[in-house]
Each structure stands twice: as C-alpha cells, then as structure tokens.
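In: Fold the following, please.
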Amino acid sequence: MHLFVDNLTNVDFSYLHPSRGLVGETWLASVVLEGALDQQGMVCDFGIVKKTLRQWLDQHIDHCLVVAARSDQLTLSRSLTEVTVDWRYKHGQSIYCKSPACAISLIDSEEVTPDTVARWCIGQLRALLPDTIDRIQLRFIPEVIEHHFYHYSHGLKKHSGNCQRIAHGHRSTIEIYLDSQRDHGLEQEWCQQWQDIYIGTREDLVQTMVKEGVNYAVFTYSAAQGEFTLQLPKCHCYLIDTDSTVEFIARHIADILGKRFPKRHIQVKAFEGIGKGALAFKFP
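Out: Model (predicted):
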C-alpha cells in the first residue's frame with residue numbers, strides 16, 4: 001500500500017550553483033510511503049509522517065546553505081562546530097562562507113538539484129520512520145508562478161530562529177500596483193535586477209576588495225548561533241540601509257518607486273517564498 005502527502009511543507013534555502021553562484025530557492029516537498037498495513041490498518045500515521053519529515057527538513061534543508069560536497073568546485077574545511085566553504089565558479093569568480101555547522105548542509109552529490117537533494121534526504125530519513133515502511137519517495141518541485149520571480153539570498157542577524165543564517169534564501173514573486181492597476185513591466189524590472197541577488201544590510205558590509213580582477217564584498221556579523229562571514233562578487237550584491245526582512249524589502253521597493261512616480265498611489269506585495277510576505281504602500 002501507498003500513503004501520500006502532497007505539499008507536505010516547503011523549504012526556503014540557498015545553494016551554490018556551478019555558474020550562477022549563490023542562488024536562493026524555494027521548493028515544495030511531497031512524499032509517498034510504501035509499506036504493509038499495521039494493526040491500525042495504516043501504512044503510517046499521518047501525524048508521525050508530518051511531524052517527523054517536517055521537523056527533519058526544517059533542521060537540515062530549510063534556511064540552510066546547501067552545498068554539493070562532491071563537487072570539484074568546492075574546497076571545504078570543517079570542525080564539530082564550524083564549516084568553511086570556498087566555492088569556485090565555472091568562470092573563475094568565487095564565494096567564501098564561514099558559518100556554524102548547523103547553517104550548512106553538505107549533500108553527498110556532485111550538484112544540487114531537486115533529485116539529488118531528495119535522494120540524499122531519503123537516505124537520512126529511513127532510520128527515522130517505522131520499520132514497516134519499505135520505500136520512501138520524496139519529491140521537490142518549485143512553485144508554479146504565472147508571472148515574474150527572482151531568487152534572492154540574505155541573512156537576518158537579529159532573528160531568534162534560523163533566519164539569522166547569513167546565506168539562506170527564497171524564490172519569490174512580486175506584485176506592484178500603480179493607482180490600483182497591476183504593472184507587470186515594473187515587476188519584471190525588479191525581478192531582472194534581483195535575479196540571483198544577495199540582499200545585504202549596509203552595516204554588515206565590513207570590506208570590499210579586488211582579487212584576481214574581481215570586486216568582492218565581505219559581510220560579517222555575530223548572531224545567537226555564532227559567527228557568520230560571507231564573501232561574494234560585489235556585482236551579485238544589493239545593499240539596503242535596513243535589515244533585509246521582507247517587510248523592509250517591500251518598503252524599500254515602495255520608497256524607490258515613490259520617488260520615481262511621486263504622483264501615483266503605489267502598492268508593493270513582496271513575497272518571501274510561497275504564500276507569505278509583506279505589503280508596503282506609498283501615497284502621493
């Protein structure tokens with residue numbers, strides 16, 4: 001028999017891509033369990049499935065930097081408490097990240113894709129589910145977004161939970177309205193500008209430097225989970241004067257558009273992953 005849970009949860013994270021670099025991502029997770037019926041007439045209690053899988057995905061994928069541990073682009077060092085990642089792009093640029101070990105998930109694969117991450121997760125999850133389960137199928141898929149979207153990464157040092165991790169992200173859409181009329185052209189502009197972007201807080205930028213002809217930005221901060229450092233090409237960074245919560249992001253876009261269209265009523269609906277986000281308004 002088979003038990004399924006569609007859209008069990010969604011995971012928001014960032015990963016290192018061979019040519020794109022640091023990419024914020026959001027995937028929906030669905031699961032199918034195969035096994036014999038127990039004395040209750042169940043393959044597995046839905047409560048156990050939801051609690052066990054959600055908690056594990058929250059801990060090991062959600063709000064993490066996911067790294068392909070067998071990639072030839074990776075130089076890695078780690079201790080019991082800390083992981084340092086040095087990632088070389090296909091075209092020569094690099095990304096450096098030093099974080100508490102809990103913030104980086106090392107996937108036993110040469111690349112990060114929905115299939116490779118799912119296979120790695122299944123290998124870890126088998127031991128957590130009842131012995132009556134013979135087979136686990138886990139599927140990750142991106143949300144179907146009708147219009148424009150962008151991938152962004154950030155870190156929220158003041159957050160008490162896992163959002164404090166310096167390199168986690170989202171795949172998000174945005175809605176922009178001028179005088180109550182949706183403007184897909186403006187949405188496209190922002191999504192193109194922020195494709196594969198790191199939205200950094202200006203006060204966390206501690207250094208800029210040139211290495212091998214490439215301009216880099218270095219962000220560092222201390223948070224409850226430990227010390228975080230991220231170095232990446234400056235051209236992939238967008239600085240704001242506040243923390244990079246979705247509330248501040250929505251307000252930042254509304255402020256920029258307010259200066260551009262001072263006589264228009266502006267509404268910005270900025271998403272953080274799937275089905276959640278913030279609204280910001282600007283009035284003439």
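
In: The stretch 151-284 of the chain: helices as residue ranges?
Out: With helices called from DSSP state H, counting those that start in this stretch, the stretch 151-284 of the chain shows them at 184-193, 246-260.

In: Of the ones you listed, which stretch is the most buried?
Out: helix 246-260 (a mean of 18; mean count of other Cβ atoms under 10 Å). All C-beta atoms are positioned from the backbone trio N, CA, C, and that covers glycine.

In: relative to helix 184-193, how tilted is that one?
Out: Orientation of helix 246-260 against helix 184-193 (axes from the mean of the first three to the mean of the last three Cα atoms, to 10 degrees) gives an angle of 120 degrees.

In: elements contacting helix 246-260?
Out: Judged by 3 or more Cβ pairs under 8 Å, 6 or more residues apart in numbering; DSSP states H and E, helix 246-260 is in contact with strand 168-178, strand 237-240, strand 266-271, strand 277-282.

In: Of those, which is nearest residue 259?
Out: Closest to residue 259 of the helices and strands packed on helix 246-260, according to Cβ to Cβ: strand 277-282, at 9.1 Å.

In: Okay, buried residues for that closest one please.
Out: Under the neighbour-count criterion of 16 or more other Cβ atoms under 10 Å, strand 277-282 has 277, 278, 280, 282 buried.

In: what do you get for stretch 77-95?
Out: By 16+ other Cβ under 10 Å, the buried positions in stretch 77-95 come out as 82, 83, 85, 87, 88, 89, 93, 94, 95.

In: So which of those belong to strands?
Out: Within the buried residues of stretch 77-95, residues falling in strands by DSSP state E are 82, 83, 85, 87, 88, 94, 95.

In: and of the residues you listed, the nearest to residue 115?
Out: For these, with residue 115 as the reference and Cβ to Cβ as the criterion, the closest is residue 87, at 20.8 Å.

In: List the contacts of that closest one.
Out: Residue 87 makes contact with 16, 21, 67, 73, 74, 75, 94, 95, 96, 97 under the criterion Cβ atoms under 8 Å, 6 or more residues apart in numbering.

In: coming back round to it: make a markdown table from the helices of the stretch 151-284 of the chain and add distance to residue 208 to it.
Out: Converted to a markdown table, the helices of the stretch 151-284 of the chain look like this (distance: least, Cβ to Cβ, whole Å):
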| stretch | distance to residue 208 |
| --- | --- |
| helix 184-193 | 20 |
| helix 246-260 | 21 |
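
In: Can you check which of those gets nearest to residue 126?
Out: helix 246-260 (35.5 Å).

In: tilt between the closest one and strand 277-282?
Out: 30 degrees.

In: Which residues outside helix 246-260 are in contact with it?
Out: 174, 176, 178, 186, 190, 199, 240, 242, 266-272, 276-282.
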